[in-house]
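S.K.: sequence and predicted structure are below.
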Amino acid sequence: MQLLASGVPVPSSSSSATTTFSAPTSSSKGWAWLLFSSLFEITFALGTEATDGFTRLWPSLLTAAAASAGIYTLSQALKTIDVGVGYTVWSGIGGVGTVVLGTVVYGEPVTVWKALAFVLIIGGALGLRIGDHRAAKRAAAADAARAV
């Protein structure tokens, strides 16, 4: 039995009539990995400030661990999310989260322009998520139609 790109099996001519078709893998798990990964990205960025140029041991170790965990969890997310979409959303969430928490942790100012940029970044990330979801649905429907 062959599989289409979405993971839907296509029965061969020798398959029985009772062959069942599985739905394509949802990317919801990938998006959960991506959100989790973004937390490591924020930790890495904030931790870098605390390392004082990587001259302080514990903040440096935490920052290195967060960077490694962020890359690993991002790689898990990219198993089901296009790299362009995944990386863009990851860096956007990381950027916004770093600025917001940088304000709380390090007392960095938030200006009107920063707030407007947040709205645009968040809107872009939501747009990519919605577009990715709709594209996956269309691909699954096309695969199912070809399989019949």
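M.R.: Right, received. Where do you want to start? Residues are numbered from 1 along each chain as shown.

S.K.: excluding residues flanking it in the chain, which one is nearest the residue positioned nearest the centre of the chain?
M.R.: The centre of the chain sits closest to residue 34, judged by CA atoms, centre = their mean, with a distance of 3.0 Å. Sequence neighbours aside, residue 77 is the residue nearest to residue 34 in space, at 3.9 Å (criterion: CB to CB, 6 or more residues apart in numbering). Backbone N, C-alpha and C define where each C-beta goes, glycine included.

S.K.: ok, the one you found touching residue 28?
M.R.: No: look at residue 77 against residue 28 with CB atoms under 8 Å: they stay out of range, at 11.0 Å.

S.K.: what helix or strand is the residue nearest to the centre of the chain located in?
M.R.: With secondary structure defined by DSSP states H and E, residue 34 is part of helix 28-50.

S.K.: just the buried residues of that helix, please?
M.R.: Residues of helix 28-50 classed as buried by neighbour count (16 or more other CB atoms under 10 Å): 30-31, 33-34, 37-48.

S.K.: got it, and stretch 73-86?
M.R.: Neighbour-count burial for stretch 73-86 flags 73, 74, 76, 77, 78, 80, 81, 82, 85, 86 (criterion: 16+ other CB under 10 Å).

S.K.: closest to residue 109 out of these?
M.R.: Nearest to residue 109, judged by CB to CB, of these is residue 74 at 29.6 Å.

S.K.: which ones are touching that closest one?
M.R.: By CB atoms under 8 Å, 6 or more residues apart in numbering, the contact set of residue 74 is 33, 34, 37, 41, 86, 87, 90.

S.K.: local confidence estimate at the nearest residue to the fourth one once chain neighbours are set aside?
M.R.: Ranked by CB to CB, 6+ apart and with sequence neighbours excluded, the top spatial neighbour of residue 41 is residue 94, at 3.4 Å. Predicted confidence (pLDDT) for residue 94: 94.

S.K.: what's the burial count for residue 94?
M.R.: Counted by other CB atoms under 10 Å, the residues lying close to residue 94 total 21.

S.K.: this structure: strands as residue ranges?
M.R.: 2-3, 9-10 (DSSP state E).
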